[in-house]
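Novice: okay, predicted coordinates and the sequence, questions at the end:
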Amino acid sequence: VENPEPGVKAAVILQDPVSYQHVANSGYQGEVGLLSRQIIIQGNEASEPTDPDPLDCTADKSFWGDNRQPCPYTELTGFGGHIIVLSSGKAYVEGVELYRMGQTNVLGRYPMHFHLLEDDCSDCYFRSSSVHRSFYRCVSIHGTHNTKISENVAYDVIGFCYYLEDGVERNNRIEFNLGAHIHMIGPGPPSGDGQKTPSIIQNENLTLPADASAAAFYITNVHNYVIGNAASGGWSGFSFPILPEPIGAYRGKKLQPPRSETGLIIDGNTAHSTSWWWKHSAGFYLGGTLFYNEDDVLEYNAGRDLNTKKRAPCLVNKCKTGHKNNCNEFCEPHEQAWLKATNTKAFLVAGAGFNSWNGRMEVIGYECHDCGLFLEALSTDGFWGHDMLGVCRSKTPLMLPENTKAYNIPGNGFRWYDTGQEHILTNITFRNCGYRSDEYDQYNKDPERGCGDEDDI
């Protein structure tokens with residue numbers, strides 16, 4: 001409904017009650033996405049997986065008190081349609097609904113796929129469209145630069161949704177998209193209480209091992225524009241994995257390693273209702289390493305990785321200027337760059353709102369509401385955090401699975417690990433973090449734990 005009342009430009013009127021409780025307050029609001037379009041491209045009913053998740057599996061450990069998890073290696077047989085643009089082709093797609101598309105674990109068979117076009121599709125776009133009930137991803141940008149993916153809605157997706165495939169994709173615009181209800185693939189979500197998680201190896205039932213930690217946005221190269229997007233669900237909301245070298249079709253080519261690329265713009269993005277499976281995962285997770293192991297297959301380490309090179313943005317392409325064109329030559333201090341994220345929001349995140357295993361980060365204009373941890377820095381290279389708001393508890397009761405203990409989700413402010421770190425935090429407000437009552441009780445089970453007295457905020 002347009003102009004329903006003064007000052008409101010549009011409103012959605014529900015004809016029937018909603019099935020689940022939806023909470024909105026001054027700190028966070030839910031998104032509304034339209035899935036239907038006039039043009040529909042779809043698979044038929046036979047596209048559906050023949051191995052659905054029975055939803056009855058449990059893990060050896062609990063997640064905040066509840067030990068249920070997705071059943072390993074299920075939902076692998078979905079076989080929908082796909083659209084691929086290749087061989088100097090062009091695509092201008094707008095206002096299209098993609099339903100029952102994608103083929104699980106089949107490389108290159110995605111609902112929308114820009115394939116190895118390099119600079120030949122710089123005016124191409126996929127916008128104002130929807131992808132839902134997808135069996136493998138939403139949009140793949142593969143070896144393609146300068147495309148535009150904007151104002152799309154994706155829901156109920158297996159594997160990473162908005163996807164930069166090999167780590168070489170640059171100058172693309174991923175703007176104002178929504179990704180929600182993201183499903184992981186493989187042996188079960190990476191989890192644990194420590195800093196490390198078990199490595200996951202590529203196999204016949206898992207083409208990309210990182211899909212075990214699927215998120216709405218998979219940004220393997222930060223030299224792109226990631227602006228105004230929203231992520232709901234997934235192992236994390238936005239995944240920025242570390243690739244020591246390009247993979248797939250670009251493996252072995254003399255290109256700047258994705259881990260040393262400089263960022264363009266990461267601005268105005270939101271993540272929520274995520275980071276459930278591991279306390280160091282995050283709404284915005286700059287971690288996880290994807291590399292070829294000694295057996296020449298892809299291996300993914302979702303947690304702390306001491307064996308591969310970390311992210312280190314460099315202003316100079318060492319493939320061109322390094323000694324004997326060594327792409328991995330050390331980036332001198334005067335050549336080093338910082339990665340910046342601005343105007344970022346997270347809410348309803350059980351783990352961390354924002355977490356990076358690498359330093360040289362500028363986090364400007366960030367806020368987090370009802371997060372287990374506001375901000376986590378796990379590198380000695382340093383953070384600068386400025387103009388931030390952390391509302392560890394908003395006093396809105398947390399909607400959790402029935403077995404979950406709300407007091408296990410701590411609601412803390414800033415944490416770094418471990419010694420030798422140097423961080424600068426300026427103009428930051430923390431509210432309702434920890435526990436603020438004179439009657440301190442570390443076993444308090446109230447979901448509002450930490451709210452304390454209004455007067456001491």
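Specialist: All right, it came through fine.

Novice: need the distance between the two termini of stretch 383-399.
Specialist: Stretch 383-399 has an end-to-end distance of 32 Å (CA to CA, to the nearest Å).

Novice: in that stretch, what's buried?
Specialist: 383-386, 388-394, 396, 398 (16 or more other CB atoms under 10 Å). Backbone N, C-alpha and C define where each C-beta goes, glycine included.

Novice: quick one: mean pLDDT over the strand or helix carrying Met388.
Specialist: Element membership for Met388 (DSSP states H and E) is strand 383-391. Across strand 383-391, the average pLDDT comes to 95.

Novice: before we move on, what about stretch 312-319?
Specialist: 94.

Novice: other residues contacting it?
Specialist: Applying CB atoms under 8 Å, 6 or more residues apart in numbering, the external contacts of stretch 312-319 come out as 222, 254-256, 259-263, 325-329, 331, 335-339, 358, 360.

Novice: again, 7 Å this time
Specialist: 254-256, 259-263, 325-329, 331, 335-339, 360 (CB atoms under 7 Å, 6 or more residues apart in numbering).

Novice: for that stretch, which positions count as buried?
Specialist: Buried residues in stretch 312-319 (16+ other CB under 10 Å): Ala312, Pro313, Cys314, Val316, Asn317, Lys318, Cys319.

Novice: ok, which stretches of the stretch 1-150 of the chain are strands?
Specialist: Taking DSSP state E, counting those that start in this stretch to define them, one finds strands in the stretch 1-150 of the chain at 2-5, 8-10, 39-42, 58-63, 66-68, 83-85, 92-94, 96-99, 112-118, 125-127, 130-134, 139-144, 148-150.

Novice: and for the residue nearest to Glu48 when sequence neighbours are not counted, the neighbour number?
Specialist: Spatial nearest neighbour of Glu48, chain neighbours left out: Gly78 (6.6 Å); criterion: CB to CB, 6 or more residues apart in numbering. If you count neighbours by other CB atoms under 10 Å, Gly78 ends up with 24.

Novice: same check on Gly192?
Specialist: Neighbour number of Gly192 under other CB under 10 Å is 15.

Novice: do you know how far the closest residue to it other than its chain neighbours is from Trp235?
Specialist: Once flanking residues are discounted, Gly192 sits nearest to Trp278: 6.1 Å by CB to CB, 6+ apart. Using CB to CB, to the nearest Å, Trp278 is found at 8 Å from Trp235.

Novice: tell me the contacts of Ile84?
Specialist: Applying CB under 7 Å, 6+ apart, the residues near Ile84 are Gly108, His113, His115.

Novice: who does the last one bridge with?
Specialist: The reference is to His115. His142 (DSSP bridges).

Novice: wait, it touches Thr147, no?
Specialist: No - assessed by CB atoms under 7 Å, His115 is found out of contact with Thr147, at 11.3 Å.

Novice: which of these two has more neighbours?
Specialist: Higher neighbour count among His115 and Thr147: Thr147, with 24 against 19, using other CB under 10 Å.

Novice: quick check: phi and psi at that one.
Specialist: When read as degrees, to the nearest 10, the backbone of Thr147 gives phi -80, psi 170.

Novice: so it makes contact with Cys124?
Specialist: Yes - checked against CB under 7 Å, the pair Thr147 and Cys124 is within contact range at 4.9 Å.

Novice: which residues do those two both contact?
Specialist: Taking CB under 7 Å, 6+ apart as the contact rule, Thr147 and Cys124 both touch Phe114.

Novice: what does stretch 94-104 contact?
Specialist: Outside stretch 94-104, the residues that touch it by CB under 7 Å, 6+ apart are 35-43, 47, 75-82, 109-112, 127-137, 158.

Novice: generate a ChimeraX selection restricted to the buried subset of these.
Specialist: To isolate in ChimeraX the members of the contacts of stretch 94-104 that are buried, counting by 16+ other CB under 10 Å, one can use:
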select :37,41,43,47,75,76,78,79,80,81,82,109,110,111,112,127,128,129,130,131,132,133,134,135,136,137,158
